[in-house]
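K.L.:
3D, please:
(chains A and B)
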Amino acid sequence: MSIDEHSVLGHQLHGPTDPAADAHWQVHKSRKGFFTDTSICIGCKACEVACKEWNRNPRDGDLELTGWSYDNTQALGASTWRHVAFIEQDRERIEEARESGRQLVSLGMPTVGPPAKTPEAATDSAIAAGADTSAPDTPEFRWLMASDVCKHCTHAGCLDVCPTGALFRTEFSTVVVQPDVCNGCGTCVAGCPFGVIQRRSDGTVEPTTGRGEQKGQQPEVEKKGIAQKCTLCYDRLLDDETPACAKTCPTTSIKYGDHTDLVDIARDRVAQLHEQGLTEARLYGANELDGVGGTGAMFLLLDEPQVYGLPPDPRVPTADLPVMAKRAGMAVAGMVTAAAIAFLGAR
Amino acid sequence: MTTSAFDQFRPPEPERPGRRFGKLRRKKRPGPGRTDGSAEMLMVPDVEFESYYGHNIVKPPPWEWPVAAYLFLGGVAGGSGLLGFGAQLTGRAVLRRNARLGAMAAASVGGVALIADLGRPERFYNMFRTLKLTSPMSIGSWILGAFSAGTGVAVASEVDRLLGDRLPLGPLRKVLRAVEAPAGAEAALFAGPLAVYTAVLLSDTANPTWNGAHRDLPFVFVSSASLASGGLAMVTTPTRETGPARALAVMGVIGDIAAMKYMEHRMDPVAAEPLHHGTPGQLLRWSERLAVAGGLGALLGGRHRAVAAASGLALLTVSAFTRFGVFEAGLHSAKDPRYTVEPQLRRLAERRAAGITDDSITTAAPHWPSHS
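P.N.:
Predicted coordinates for the structure are as follows:
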């Protein structure tokens, strides 16, 4: 086969890569991302609020109470670009999570340990971390809180399948929708393996503030009918500002920065928690060999990903596009042959 | 379970539906937001994974029935394009005219359905803003455009002939007659791709059922297109010219049933489940029954006008049921986390069992060697 099966005309479909270079950016910027350390999240939802305010996102849903612990937001969506999940667990679940995390270690793959640390630094961090992690949890009960966000995948399903070019790869290797181009076809919604992007259908953009407006009366929704998701605050990044959610996070659970630095921080943090016996700690998204080529937004989780509503083995659908194209070609050949036989045989 | 010494003074609380404490660990439960009737389709026994309050992980696309209708109409158009071209080459004037008209009508109505389903229909032309090889929707838009262009020219000439050369064409009539045959050929070139691309469009998504069918759905869709276009010709055209249409329809029936069985056989059993249950399951079961009836009708009674027309209608229904069934099954599979999580956990475990341990998204000690 003359064409590399990983690519279509030079566009790489899966595997490790530098996404901005793959998108032919001439401007060189380092890849930006989030590392969301859920072990120090306190569930304050300041990230949700800051995101809504900065991006002027309308209300999502009818504000009904779900009974899902403190989570009434439910999921990421067109108007919710940060979502804090709340999970209540008992001793049995904590032990299961600790065991499943331990099994990840014993898979044998990670011979690459954390970078060597000076003894005093290790002690310092252990002390700091000890104060952090033990306080809110008891062995009887724990509360998992995790702020979810768009993963800004290395190989983004939404971006690959977008027919108009409305979704694009920025110079920071993030994935952003151009709202003036999107025609709301909805393909990206199906293309996202994480269920992040959504077409905006309803909501309100701001509370009533003007004279003569009635209480509860809301202005017209902006960007209705258009696919919307986290932009990693592209507008703020262009001005060297931190994204709104990371800027507002009071516990530094949401860390923003250069992707390579964040991977190191994440790796250190997992090692630190494991040293304390908290083997339930694991990273999500910090592996460039995974099904989406690694994610720009990474997470430290304290249980299996599906517990948080994250897919356990996501795979960018476009990775299989060469197979699909081949099978479609065969099917067309079969159809044309059938038609030819039909006419030749009927003579 | 007591978490604080003061809890004993609390009044007893009623158990709320979303609460998950202690031994009351339910594996999967429909969220309170599920009011669309999909809850009744939870046809599976309790499963062994912990979901986030039963909320779906991947999202169903915001597509409604017009998209499913387009899947059907696009197939009818594609198959009719091939039949029209065959008739053009073999001098079957009525079949050629009717197939072209059918192709144009199906492509036009289908195109309108697609535009109607957009979030911003007034921006439909942005589909032609770029040609993007990784986007089946982009490729498909160009295929539909190219097919409609050729078919439109051929149809203009047919309509002119139908009206006894009364279209006000003047000297352009000669040009139109001259480009008619090449236009029919150009349309035929894009007919097969038009019939098949919707399969890739559905499969190139994170949707558990559609993606799980990605290897074999193209064969189902071209077969469905063949039997539907053959069926349409059997309805519209006298039997003396529909021999090839009947043959194509019969081959389409065989292909449709075989490809569907093979596809379901090769899919992850959980991802294939929505194809068997609820409304999609009923549609697909009736599709198969009617396919057998319509195929036998075409094969045995195809020379009888009434039988041919009835069989043709049955075959058109078969194709519509297949498309709506596959479409609805996919939407359903995106509304329950089970269809996302279980096949993924299974394939992850299979890879680990095969000794591949470096490609999980979840890692205890991550590595990112090449770009750090």
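K.L.:
Tell me, how many residues neighbour A:Ala75?
P.N.:
Counted by other Cβ atoms under 10 Å in any protein chain shown, the residues lying close to A:Ala75 total 23. The way it works is simple: take the backbone N, C-alpha and C, and place the C-beta from them, glycine included.
K.L.:
OK, contacts around it?
P.N.:
A:His83, A:Gly195, A:Gly309, B:His55, B:Asn56 (Cβ atoms under 8 Å, 6 or more residues apart in numbering or on different chains).
K.L.:
Now stretch B:146-153: buried residues?
P.N.:
By 16 or more other Cβ atoms under 10 Å in any protein chain shown, the buried positions in stretch B:146-153 come out as B:Ala146, B:Phe147, B:Ser148, B:Gly150, B:Thr151, B:Gly152, B:Val153.
K.L.:
Not counting its neighbours along the chain, what's nearest the residue of chain B found nearest chain A?
P.N.:
Chain A sits closest to B:Gly119 of chain B, with a gap of 1.9 Å, by Cβ to the nearest Cβ. Spatial nearest neighbour of B:Gly119, excluding adjacent residues (Cβ to Cβ, 6 or more residues apart in numbering or on different chains): A:Gly184 at 1.9 Å.
K.L.:
Next, the contact list for the one you found, please.
P.N.:
By Cβ under 8 Å, 6+ apart, the contact list for A:Gly184 reads A:Arg199, A:Gly225, A:Ile226, A:Ala227, B:Pro62, B:Leu118, B:Gly119, B:Arg120, B:Arg123.
K.L.:
Which of those residues has the largest number of neighbours?
P.N.:
A:Ala227 (27 neighbours).
K.L.:
That one reaches A:Cys188, doesn't it?
P.N.:
Yes - A:Ala227 sits in contact with A:Cys188 when judged by Cβ atoms under 8 Å, with a separation of 5.2 Å.
K.L.:
what's the overlap in contacts for these two?
P.N.:
Contacts common to A:Ala227 and A:Cys188, judged by Cβ under 8 Å, 6+ apart, are A:Cys158, A:Leu167, A:Ile197.
K.L.:
Take those and lay them out in TSV including neighbour count, secondary structure and distance to B:Asp358.
P.N.:
Output for those, formatted as TSV (neighbours: other Cβ atoms under 10 Å in any protein chain shown; DSSP: H, G, I helix; E, B strand; the rest coil; distance: Cβ to Cβ, whole Å):
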residue	neighbour count	secondary structure	distance to B:Asp358
A:Cys158	26	helix	26
A:Leu167	25	strand	29
A:Ile197	29	coil	28
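K.L.:
Could you single out the nearest of these to chain B?
P.N.:
Lowest distance from chain B to the shared contacts of A:Ala227 and A:Cys188 (Cβ to the nearest Cβ) belongs to A:Ile197, with 7.8 Å.
K.L.:
give me every residue that touches that closest one.
P.N.:
By Cβ under 8 Å, 6+ apart, the residues touching A:Ile197 are A:Ala78, A:Cys150, A:Cys158, A:Val177, A:Cys188, A:Val189, A:Ala227, A:Gln228, A:Lys229, B:Lys59.
K.L.:
Contacts only, for the third one.
P.N.:
What that stands for is A:Cys158. Applying Cβ under 8 Å, 6+ apart, one finds that A:Cys158 lies in contact with A:Leu167, A:Val175, A:Cys188, A:Val189, A:Gly191, A:Cys192, A:Val196, A:Ile197, A:Ala227, A:Lys229.
K.L.:
Look at the residue of the stretch 101-250 of chain A found nearest chain B and report its pLDDT.
P.N.:
Nearest residue of the stretch 101-250 of chain A to chain B: A:Gly184, at 1.9 Å (Cβ to the nearest Cβ). A:Gly184 is assigned a predicted lDDT (pLDDT) of 93.
K.L.:
and it, which of the three is it?
P.N.:
Secondary structure, DSSP: H, G, I helix; E, B strand; the rest coil: A:Gly184 is coil.
K.L.:
Need the pLDDT of B:Ile356.
P.N.:
B:Ile356 is given a pLDDT of 89.
K.L.:
which SS state does residue 280 fall under?
P.N.:
No chain specified, so I'll use chain A. Relying on three-state DSSP, one would call A:Glu280 coil.
K.L.:
Just give me the neighbour total for B:Ala247.
P.N.:
Residues near B:Ala247, counting by other Cβ under 10 Å: 23.
K.L.:
Leaving out the residues flanking it, which one is nearest to it?
P.N.:
Of all residues not flanking B:Ala247 in the chain, A:Ala342 sits nearest, at 3.8 Å (Cβ to Cβ, 6+ apart).
K.L.:
measure B:Leu348 to B:Leu194 for me?
P.N.:
37 Å (Cβ to Cβ, to the nearest Å).
K.L.:
just checking, next helix/strand downstream of the worst-scoring helix or strand of chain A on mean pLDDT?
P.N.:
Here the helix or strand of chain A ranked lowest by mean pLDDT, DSSP states H and E is helix A:119-134, holding a mean of 45. With elements assigned by DSSP states H and E, the helix or strand that comes after helix A:119-134 is strand A:141-149.
K.L.:
ok, that next one near chain B or not?
P.N.:
Yes - counting by Cβ under 8 Å from any Cβ of the partner chain, chain B is contacted by strand A:141-149 at A:Phe141.
K.L.:
Who does that strand pair with, and is each partner parallel or antiparallel?
P.N.:
strand A:82-90 (antiparallel) (DSSP bridges).
K.L.:
who's in contact with the strand it pairs with?
P.N.:
With Cβ under 8 Å, 6+ apart, strand A:82-90 has contacts from A:41, A:43, A:45, A:47-48, A:50-51, A:68-71, A:73-76, A:97, A:140-149, A:230, A:245, A:303, A:307-309, B:1, B:19-23, B:25, B:52.
K.L.:
Next, the angle from the next helix or strand after it to strand A:141-149.
P.N.:
For strand A:82-90, the succeeding helix or strand toward the C-terminus, using DSSP H and E, is helix A:91-105. With axes from the mean of the first three to the mean of the last three Cα atoms, to 10 degrees as the basis, helix A:91-105 and strand A:141-149 are set at 50 degrees to each other.
K.L.:
wait, isn't B:Pro274 in contact with B:Lys335?
P.N.:
No - if you go by Cβ under 8 Å, B:Pro274 and B:Lys335 don't touch, sitting 9.4 Å apart.
K.L.:
Report pLDDT for A:Gly10.
P.N.:
pLDDT recorded at A:Gly10 is 56.
K.L.:
Find the nearest non-adjacent residue to B:Leu89, please.
P.N.:
A:Phe343 (7.2 Å).
K.L.:
Buried residues in the helix or strand harbouring the one you found, which are they?
P.N.:
Assigned by DSSP H and E, A:Phe343 belongs to helix A:321-345. Buried residues in helix A:321-345, counting neighbours by 16+ other Cβ under 10 Å, are found at A:321-322, A:324-325, A:327-328, A:331-332, A:334-336, A:338-339, A:342-343.
K.L.:
sorry, back to before: for the residue nearest to B:Ala247, give its distance to A:Asp60.
P.N.:
For A:Ala342 relative to A:Asp60 (Cβ to Cβ), the value is 53 Å.
K.L.:
cool, and A:Ile87?
P.N.:
Distance check for A:Ile87 against A:Asp60: by Cβ to Cβ, it reads 20 Å.
K.L.:
Equivalent analysis for B:Arg305, please.
P.N.:
Distance of B:Arg305 to A:Asp60, given as Cβ to Cβ: 58 Å.
K.L.:
Those two: who's more crowded?
P.N.:
Using other Cβ under 10 Å as the criterion, B:Arg305 and A:Asp60 rank with A:Asp60 on top: 22 against 15.
K.L.:
right, and that one touches A:Trp81 too?
P.N.:
No - applying Cβ under 8 Å as the test, A:Asp60 and A:Trp81 come out as separate, 10.1 Å apart.
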